[in-house]
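>>> Can you look at this prediction? I've put the sequence above it.
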Amino acid sequence: MMNAINHHGATQADPLTKSGLRAFTLTELMVACVLSTALGGMLVTVFSGVASSWQSSDARAEAYRESRAALHLMQKELSQSIPLPVEQSRVLLRKQPSTTFTELQFLAHVPANLQPQAAQVSDVCGIVYFLARPSADPQTPADLYRRLITSDEMFDRLKTGGNLFSDASNAQSPHAELIARNVLAFEVLLRDDDYAVLDPALIGQAGQPKPSLVELRLVVVGSKAATLLSETLSTEQRERIETRESRAFTQRLRL
């Protein structure tokens with residue numbers, strides 16, 4: 001067995017356990033604790049990064065699923081649209097009051113089983129798609145809503161002869177439902193047969209072509225990016241996040 005020399009020059013046996021085996025010294029135990037702590041910290045950092053990355057990816061995927069589903073619903077309902085009684089178009093584009101948002105308005109056939117039970121006068125309903133922010137902060141990404149104007153309410157509006165879609169872009173309105181979150185932009189373009197973009201304000205006027213194609217575009221981000229965009233950021237920081245995190249979805253439909 002190896003012996004150690006003490007400070008008097010005499011040899012001293014290595015510390016032994018009762019079983020005769022050499023035990024760990026205090027220094028060895030301290031080194032082992034330090035190494036274990038460092039290794040544990042590294043593992044926690046790695047796993048935290050992986051978890052954060054997975055959560056961000058999952059949030060983006062959920063936003064993308066909502067956007068695709070929203071565009072699919074719009075396309076399906078626009079395919080059932082009918083000519084408006086006054087306008088020479090199947091759809092209307094209106095600026096929402098006090099915002100830069102555009103809302104999409106049209107009449108469509110909605111089966112009775114998809115309407116509220118007390119509102120089955122006919123299958124002709126009004127449908128409005130519009131954006132609304134979840135808070136008063138103008139930097140917060142908006143949410144996309146679908147508002148169904150039931151057939152009985154639409155017939156009442158037709159009788160009065162006023163705006164068929166007045167006061168429709170209200171998230172608190174009856175039959176308004178949220179269909180997509182964290183929307184940076186909702187754009188609707190009307191095009192003619194030559195694929196030229198039409199000015200919505202001129203549609204219906206003499207000599208103006210009728211829209212034959214509608215183009216829908218949604219730009220969305222995940223919930224994590226939406227939280228970052230809600231904070232106070234410089235223009236450069238905001239543009240960098242939007243460029244890196246946003247994704248645009250486009251759908252075209254012939255009217």
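That came in fine, so what should we check first?
>>> which stretches of the stretch 1-150 of the chain form helices?
26-78 (DSSP state H, counting those that start in this stretch).
>>> for it, which spans come out with low pLDDT?
Segments of the stretch 1-150 of the chain classed as low confidence (criterion: pLDDT under 70) are 1-24, 47-56, 85-89, 96-100, 117-121.
>>> who are the neighbours of the strand or helix carrying residue 249, in terms of helices and strands?
Using DSSP states H and E, residue 249 maps to strand 247-254. If you count contacts as 3 or more Cβ pairs under 8 Å, 6 or more residues apart in numbering; DSSP states H and E, strand 247-254 packs onto helix 26-78, strand 213-220. In this view, the C-beta of every residue, glycine as well, is placed from N, C-alpha and C.
>>> Could you list the buried residues of it?
251, 253 (16 or more other Cβ atoms under 10 Å).
>>> one step back: quick one, which of the helices and strands packed on strand 247-254 is packed in tightest?
Greatest average neighbour count among these goes to strand 213-220 (a mean of 20), per mean count of other Cβ atoms under 10 Å.
>>> what packs against that one?
Partner elements for strand 213-220 (3+ Cβ pairs under 8 Å, 6+ apart): helix 26-78, strand 176-191, strand 247-254.
>>> I would like the residues contacting that strand, please.
Strand 213-220 has contacts (Cβ atoms under 8 Å, 6 or more residues apart in numbering) with 63-64, 66-67, 70-71, 74-75, 78, 91, 104, 141, 144, 180-192, 195, 246-255.
>>> Relative to residue 209, which of the helices and strands packed on strand 213-220 is closest?
strand 176-191 (9.5 Å; Cβ to Cβ).
>>> picking that back up, dump the helices and strands packed on strand 213-220 into TSV; add distance to residue 209 as well.
Listed next are those as TSV, based on distance: least, Cβ to Cβ, whole Å:
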stretch	distance to residue 209
helix 26-78	19
strand 176-191	9
strand 247-254	14
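>>> Show me the one of those that comes nearest residue 132.
strand 176-191 (8.7 Å).
>>> angle of the closest one against helix 26-78?
Put simply, strand 176-191 runs at 60 degrees to helix 26-78, going by axes from the mean of the first three to the mean of the last three Cα atoms, to 10 degrees.
>>> and strand 176-191, which residues are buried?
Neighbour-count burial for strand 176-191, counted by 16+ other Cβ under 10 Å, picks out 176, 179-186, 188-191.
>>> what is the mean pLDDT for it?
Computed over strand 176-191, the mean pLDDT rounds to 91.
>>> quick one, that strand and strand 213-220 angle?
Using the same axes, to 10 degrees: strand 176-191 against strand 213-220 is 130 degrees.
>>> circling back: looking at the buried residues of strand 176-191, which is nearest residue 111?
Closest to residue 111 out of the buried residues of strand 176-191 is residue 179 (18.7 Å), distances taken as Cβ to Cβ.
>>> hang on, residue 210 is in a helix, isn't it?
No - counting by DSSP: H, G, I helix; E, B strand; the rest coil, residue 210 falls outside a helix, being coil.
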